[in-house]
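Participant: sequence? don't have it. structure:
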């Protein structure tokens with residue numbers, strides 16, 4: 001229980017920018033259907049100022 005409270009508190013402080021500029025999280029998912037089958041792509045990223053870090057996964 002303590003770990004959950006700590007993570008929620010840490011996440012809230014990070015999101016509101018208490019330690020600096022807020023972090024902008026982003027998550028997008030794309031599902032496509034074509035003649036070659038179905039594909040799913042997911043991309044998650046977080047940005048702060050001019051910096052942006054992302055991870056993508058395509059199936």
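Facilitator: Perfect, thanks for sending it. Given the structure is predicted, the values throughout are model-derived calculations rather than measurements. Numbers count the residues shown, from 1 in each chain.

Participant: residue ranges with poor pLDDT in the chain?
Facilitator: Across the chain, the ranges flagged by pLDDT under 70 are 13-21.

Participant: For the residue of it most remote from its centre, give its distance to residue 58.
Facilitator: In the chain, the greatest distance from the average C-alpha position (C-alpha atoms, centre = their mean) is reached by residue 35, at 30.7 Å. Shown here: residue 35 relative to residue 58, a distance of 18 Å by C-beta to C-beta, to the nearest Å. Yep, even glycine has a C-beta here, placed from its N, CA and C like the rest.

Participant: Next: residue 10.
Facilitator: Between residue 10 and residue 58 the computed distance is 31 Å (C-beta to C-beta).

Participant: do residue 27 as well
Facilitator: Distance from residue 27 to residue 58, by C-beta to C-beta: 15 Å.

Participant: ok, now residue 48?
Facilitator: Distance from residue 48 to residue 58, counting by C-beta to C-beta: 25 Å.

Participant: Now do the strands in the protein.
Facilitator: 24-34, 37-48, 51-58 (DSSP state E).

Participant: Each with direction, which strands does the second one pair with?
Facilitator: Strand partners for strand 37-48, identified by DSSP bridges, are recorded as strand 24-34 (antiparallel), strand 51-58 (antiparallel).

Participant: In JSON lines: the ones you listed, plus distance to residue 2 and mean neighbour count.
Facilitator: Output for the strands paired with strand 37-48, formatted as JSON lines (distance: least, C-beta to C-beta, whole Å; neighbours: other C-beta atoms under 10 Å):
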{"stretch": "strand 24-34", "distance to residue 2": "24", "mean neighbour count": "10"}
{"stretch": "strand 51-58", "distance to residue 2": "29", "mean neighbour count": "10"}
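
Participant: Right, I'll call it a day here.
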